[in-house]
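**Q** starting from these lines, generate the structure:
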Amino acid sequence: MVGWTLHVAHKLSEKVHSICCRTDRGLYCGLNKGKLAVLTYRNNDALFTCQTLILPLDGNILRVGFATTHGGMLCVGDSRGRVLVLCPNGAELIEVAEFKAPHAITALHVHSDATGDYTILAADLQGTVTSYAPFHVNYRLQLQDIAQDTRRSAVLCMVSLTRELPKCSMESEDDVEDPEVFVDEVFVLACCTDGKIYGLSATGAVVCAVGMPQGTVPTCAVVPLWYQNSMDPWCVVTADDGCVYSLNAIDSNENTDVFTIQRLCDLDYPLTHAAATAQHLVCIGQSTHVSVLATDGQLLYSIALPDWPVCLTLCGTDLDGVEEVAIGAGDTVFVLRAAGSSDWPAQGRALSDSQESSS
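**A** Numbers count the residues shown, from 1 in each chain. You can find the predicted model right below:
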């Protein structure tokens with residue numbers, strides 16, 4: 001069985017609010033008052049090199065996102081609603097665009113297509129979703145206008161999905177669907193604090209609204225590799241009740257999908273973020289433990305950190321093909337990696353149920 005170990009830890013000068021991975025085995029970490037830490041490490045000797053950049057932002061960098069389009073593009077959102085679009089140029093970051101949301105940024109998603117075009121979606125504390133394409137705003141949507149509880153409509157996470165839909169015949173004036181021709185439609189799922197997951201089309205239309213179990217708030221949605229080629233289920237959702245759910249599409253009628261929520265497991269502490277590797281789901285929340293789950297939701301490992309983790313990102317694989325996940329906890333960045341055996345070092349050993357309950 002493949003275990004997970006604490007590979008390396010690097011202490012920064014202040015608290016980490018957000019984290020994302022670059023393409024060159026580096027990390028961007030959002031800090032206080034516009035500070036951005038740029039980390040690079042080599043897996044052989046586990047040495048970090050760190051550079052701190054001061055961005056023209058007054059607030060704390062709460063969200064960061066990176067896309068590989070156009071040689072790499074970084075987006076950062078701060079606690080005052082500003083979003084910067086930056087392009088790496090050697091050791092520098094060149095600002096190429098900026099837009100503003102009404103309130104603090106709570107979710108940031110960057111989507112790039114096969115042609116290299118990109119779209120940025122930024123959501124704020126009051127449920128405003130702004131869609132930005134190069135040099136113009138596509139739309140601005142107020143989710144609180146359709147939410148059942150307008151006092152609790154903040155967006156906590158956004159993830160893009162692709163589904164196949166019948167293509168309308170280009171030769172027909174009546175737009176008749178051709179059942180043998182399919183096109184990929186990309187849309188975004190937004191997890192909101194009113195207890196629903198909203199599906200947004202490229203034009204900002206709400207195409208579906210999935211309700212969580214009563215009183216449960218969805219905090220994060222991820223599309224694991226083992227779901228990407230499946231119409232059912234669609235994604236994995238973590239929630240503040242400590243459970244991990246699977247979002248399933250069980251029927252489709254006139255392009256309107258019917259969904260069910262299936263509980264996969266209960267981790268007994270409120271969950272906030274998750275990342276999916278090729279074989280595992282890594283979850284964090286209001287606990288010092290990092291939980292590693294199997295594809296069916298079974299808890300495999302629980303790794304203890306010295307502080308509550310607040311953000312995580314999938315690092316992909318290292319030069320040896322080993323999966324890694326970076327986690328920000330307090331003022332430290334931890335990199336966990338899949339090991340070749342279930343032998344654990346002292347700082348990253350697997351915990352039994354009895355050890356977890358007593359800690």
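**Q** check what pLDDT S291 gets.
**A** The model reports S291 with a pLDDT of 94.
**Q** actually F182, sorry about that
**A** 48.
**Q** what of F187?
**A** The model reports F187 with a pLDDT of 77.
**Q** next: V85.
**A** So V85 comes in at 90 (pLDDT).
**Q** secondary structure element for it?
**A** strand 82-89 (DSSP states H and E).
**Q** partner strands of that strand and their direction?
**A** strand 73-78 (antiparallel), strand 92-100 (antiparallel) (DSSP bridges).
**Q** my guess is Y132 meets E98, correct?
**A** No - counting by C-beta atoms under 8 Å, Y132 does not reach E98; the two are 9.5 Å apart. (Each C-beta comes from the backbone N, C-alpha and C, glycine too.)
**Q** what sits in contact with each of the two?
**A** V83, V85 (C-beta atoms under 8 Å, 6 or more residues apart in numbering).
**Q** on that earlier part again, any chance of a markdown table for the strands paired with strand 82-89, columns mean pLDDT?
**A** Below are the strands paired with strand 82-89 laid out as a markdown table (pLDDT from 0 to 100):
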| stretch | mean pLDDT |
| --- | --- |
| strand 73-78 | 91 |
| strand 92-100 | 87 |
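**Q** which of Y132 and E98 has more neighbours?
**A** Y132 (23 against 13; other C-beta atoms under 10 Å).
**Q** doesn't the more buried one lie inside a strand?
**A** Yes - Y132: assigned to a strand according to DSSP: H, G, I helix; E, B strand; the rest coil.
**Q** is it in a bridge, and if so with what?
**A** According to DSSP bridges, beta-bridge pairing links Y132 with I120, V137.
**Q** so where's the stretch 151-300 of the chain uncertain?
**A** 151-152, 163-186, 228-233, 250-258 (pLDDT under 70).
**Q** show the pLDDT at the closest residue in space to A133 that isn't next to it in sequence.
**A** Nearest non-adjacent residue to A133, counting by C-beta to C-beta, 6 or more residues apart in numbering: T119, 5.3 Å away. pLDDT for T119: 85.
**Q** surely T119 touches H136?
**A** No - with contacts counted by C-beta under 8 Å, T119 stays clear of H136, the gap being 10.9 Å.
**Q** when those two are compared, which one has more neighbours?
**A** Legend: neighbour count by other C-beta under 10 Å for T119 and H136, higher for T119 (19 against 9).
**Q** so what's the more buried one up against?
**A** So T119 contacts V110, H111, S112, S131, Y132, A133, N138, A202 (C-beta under 8 Å, 6+ apart).
**Q** now swap in C315 and tell me
**A** Neighbours of C315 in contact, by C-beta under 8 Å, 6+ apart: C21, R25, L27, E323, E324, V325, A326, V335.
**Q** what's the most distant pair in those?
**A** L27 and E323 (15.3 Å; C-beta to C-beta).
**Q** neighbour-wise, which of those two wins?
**A** L27 (25 against 19).
**Q** which helix or strand contains the more buried one?
**A** strand 26-30.
**Q** partner strands of that strand and their direction?
**A** Assessed with DSSP bridges, strand 26-30 is paired to strand 18-21 (antiparallel), strand 35-42 (antiparallel).
**Q** which one of these is the most hemmed in?
**A** strand 18-21 (a mean of 23; mean count of other C-beta atoms under 10 Å).
**Q** can you pull out the helices in the stretch 151-300 of the chain?
**A** In the stretch 151-300 of the chain, no helices are found when defined by DSSP state H, counting those that start in this stretch.
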